[in-house]
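In: 3D, please:
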Amino acid sequence: MKRLAIAAVAMLAVVAPAITVTAWGNTGHRLIGVAAMRALPDDLPAFLRTPAAIADVGELAREPDRWKGAGQPHDRERDTAHFIDLDDQGRVFDQRGMSIDDLPRLKSEYDAALTKAGLSVNDAGYLPYAMIDGWQQLGRDFAYWRVLNAAEKRETNMERQAWYRADRLRREALILRDIGVMGHYVGDGSQPHHASIHFNGWGDFPNPEGFTNSRQTHALFEGEFTGRVARLDAIEAAMPAARLDGFDPKARTVAYLKTTLGTVIPFYRMEKAGAFKDQDPRGAAFVNERLAAGAGELRDFIVTAWTASASASIGWPAVKVAEVEAGTADPWIAMVGED
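Out: You can find the predicted model right below:
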């Protein structure tokens, strides 16, 4: 399958047919991935900024939706990574759940706390942990790439140099895949229905403003309507400025999801006013702002994972990335293995 040029990706994202999925549809996820990659700064590796890499991430950002249907336990375990159902006060599922500000460090601790409270993670979802895990995985990918890139340039043994080059190319393909997968979950986090108990119509909750209870609300918004109105240029224009200083993945994830939760009631008010029909400019602006929020967050997740990778150690016996890049450590055994 030929790699698409970036312009073709943007056009494809505009005209792709809508399907029912449990996240942004194909259009939304493609555009978030493409916009984030196009916004990467020049001090990141050049392979990330090629048209081919940008196109690949746009396609790979759809991947977690394409995994569906593998069977159990695969589907049940992975489907719940796409969302976290927060109540209107920011507690997981209802008042029995913890505040999103108090998420435990580990997902296993999160599961145990929900179970103790009489809740199920299958109902509540675990999106924050999918996002944080993706950031940490990308940091490992980048750390290995730094070592491989530095070692390949300095190695005088041609056999070893060839191995470094081959492994660097493997790592580059893996990095694009892992950015795509992480980008899917980061993108999910910008969609109001993925951060709320009101995920498909208002639901069986007090409803003084008379919001819709249509079970088509979620799919029509993220699929059919988004496919009509989402535009790469509008998303790029609306992307927030980078916020990189003092980046903490957990704190940033929590703040991001709380911001998305704050768009839930505005969404339902707009839906009631008819803003998500045809190509209503009110709804179009809302869609492109939400996609821009996802793209900006993904850009920052990628950049900060790259930055963090400089101070990592990799392999066994472990070597420090900084020492390999400085030429003071030989990573061969750590990379290839003693056996």
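
In: which residues of the stretch 201-339 of the chain fall in strands?
Out: Secondary structure of the stretch 201-339 of the chain (DSSP state E, counting those that start in this stretch): strands located at 313-314, 319-320.

In: Actually, the stretch 1-150 of the chain.
Out: According to DSSP E, counting those that start in this stretch, the stretch 1-150 of the chain contains no strands.

In: Helices along that one, start to end?
Out: 6-15, 26-38, 51-60, 63-66, 74-79, 107-116, 121-124, 127-154 (DSSP state H, counting those that start in this stretch).

In: Tell me which of the ones you listed lies nearest to Gly180.
Out: With C-beta to C-beta, the closest approach to Gly180 among these belongs to helix 51-60: 2.5 Å. Heads up, the C-betas are built off the backbone N, CA and C, glycines and all.

In: Show me which residues of the closest one are buried.
Out: By 16 or more other C-beta atoms under 10 Å, the buried positions in helix 51-60 come out as 51, 53-60.

In: low-scoring stretches of the stretch 151-300 of the chain, by residue?
Out: For the stretch 151-300 of the chain, no stretch is flagged by pLDDT under 70.

In: coming back round to it: and the helices of the stretch 1-150 of the chain as CSV, adding distance to Pro266?
Out: Below are these laid out as CSV (distance: least, C-beta to C-beta, whole Å):
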stretch, distance to Pro266
helix 6-15, 25
helix 26-38, 18
helix 51-60, 28
helix 63-66, 26
helix 74-79, 27
helix 107-116, 28
helix 121-124, 23
helix 127-154, 20
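
In: Can I get the buried residues of helix 51-60 in a markdown table including pLDDT and distance to Ile32?
Out: Formatted as a markdown table, the buried residues of helix 51-60 follow (pLDDT from 0 to 100; distance: C-beta to C-beta, whole Å):
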| residue | pLDDT | distance to Ile32 |
| --- | --- | --- |
| Pro51 | 97 | 17 |
| Ala53 | 98 | 15 |
| Ile54 | 98 | 12 |
| Ala55 | 97 | 14 |
| Asp56 | 98 | 14 |
| Val57 | 98 | 9 |
| Gly58 | 98 | 8 |
| Glu59 | 97 | 12 |
| Leu60 | 98 | 12 |
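
In: Now tabulate the residues you listed in CSV and tack on distance to Ala162.
Out: Below are the buried residues of helix 51-60 laid out as CSV (distance: C-beta to C-beta, whole Å):
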residue, distance to Ala162
Pro51, 27
Ala53, 23
Ile54, 28
Ala55, 28
Asp56, 25
Val57, 28
Gly58, 32
Glu59, 30
Leu60, 27
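
In: which one of those sits closest to Thr156?
Out: Closest to Thr156 out of those is Ala53 (29.8 Å), distances taken as C-beta to C-beta.

In: okay but the closest one is in contact with Leu176, surely?
Out: Yes: contact criterion C-beta atoms under 8 Å: Ala53 and Leu176 qualify, at 5.8 Å.

In: how near is the closest residue to Asp111 other than its chain neighbours to Leu148?
Out: Nearest residue to Asp111 in three dimensions, chain neighbours excluded: Val121, at 4.9 Å (C-beta to C-beta, 6 or more residues apart in numbering). Distance, Val121 to Leu148, by C-beta to C-beta, to the nearest Å: 37 Å.

In: Compare these two (neighbour count), which wins?
Out: Using other C-beta atoms under 10 Å as the criterion, Val121 and Leu148 rank with Leu148 on top: 24 against 20.

In: need the longest helix for the chain.
Out: Looking across the chain with DSSP state H, the single longest helix is helix 158-188.

In: So for that helix, what gets flagged as buried?
Out: For helix 158-188, a neighbour-count test (16+ other C-beta under 10 Å) marks 160, 163-165, 167-168, 171-172, 175-176, 178-188 as buried.
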